[in-house]
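Novice: Here is a sequence together with a model predicted from it:
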Amino acid sequence: MFERILVPVDGSDRAMAAVEMAVELQKKCDAELFLLCVYRHYSLLEASMSMVRPEKPENLDDSMREYATGVVDRAKRLAKKCGSPSVRGFVKSGPPARTIVSFAEDKHIGLIVLGSRGLGDVEGYLLGSVSHKVTSLSHCPTLVV
């Protein structure tokens, strides 16, 4: 049914629940499992406006990439613990929803499984969420957990 399943992860409990659900689907479909963590690029201007001033300033992109890599590693460990026969992890920079959809198109993903933000109907409608945007932009089926 689905040859490739993508799970965007951000470290939240809902994202980890999506990993567990995706592993179950992966086993039933004999699919490849892809994990993706997207971090936002911070410009030097944004960094200079921060009220937090560390003694040794770091490159924010490096810090964000390191955090995202840790999120993917944790999600991979969970997927293997749940019985995933194979899982691949990726880290990308960019606007989350568009980066997820673009990645799915590039890798010929058949199904995206992602965690919901848990907002109420009115709040989600007014603010929008990554899961809502992905379901709107994606050309493949999307399961929101």
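Specialist: Great, that's in hand. Numbers count the residues shown, from 1 in each chain.
Novice: can we go C-alpha only for contacts and neighbour counts from here?
Specialist: Fine.
Novice: Tell me where this structure has strands.
Specialist: Residue ranges of the strands in the chain, as given by DSSP state E, are 4-8, 32-39, 87-93, 111-114, 142-144.
Novice: would you turn those strands into JSON lines with distance to residue 79?
Specialist: Below are the strands of the chain laid out as JSON lines (distance: least, CA to CA, whole Å):
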{"stretch": "strand 4-8", "distance to residue 79": "11"}
{"stretch": "strand 32-39", "distance to residue 79": "9"}
{"stretch": "strand 87-93", "distance to residue 79": "7"}
{"stretch": "strand 111-114", "distance to residue 79": "13"}
{"stretch": "strand 142-144", "distance to residue 79": "17"}
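Novice: Pipe the ones you listed into a markdown table and attach mean neighbour count and mean pLDDT per row.
Specialist: Below are the strands of the chain laid out as a markdown table (neighbours: other CA atoms under 10 Å; pLDDT from 0 to 100):
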| stretch | mean neighbour count | mean pLDDT |
| --- | --- | --- |
| strand 4-8 | 26 | 98 |
| strand 32-39 | 24 | 97 |
| strand 87-93 | 17 | 97 |
| strand 111-114 | 25 | 97 |
| strand 142-144 | 18 | 95 |
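Novice: Of those strands, which is nearest residue 67?
Specialist: The minimum distance between residue 67 and the strands of the chain falls on strand 32-39, with 8.7 Å, by CA to CA.
Novice: List the strands paired with the closest one, with their directions.
Specialist: If you go by DSSP bridges, strand 32-39 pairs up with strand 4-8 (parallel), strand 87-93 (parallel).
Novice: what's the least confident helix or strand in the protein, going by average pLDDT?
Specialist: Within the chain, confidence by mean pLDDT, DSSP states H and E is lowest for helix 121-127 among all helices and strands, at a mean of 49.
Novice: hmm, back to that, so which of the strands of the chain gets nearest residue 135?
Specialist: strand 142-144 (5.9 Å).
Novice: What is the distance between that closest one and the centre of its chain?
Specialist: Computed by CA atoms, centre = their mean, to the nearest Å, the chain-centroid distance of strand 142-144 equals 12 Å.
Novice: so where's the protein shaky on pLDDT?
Specialist: Applying pLDDT under 70 to the chain flags the ranges 42-58, 117-128.
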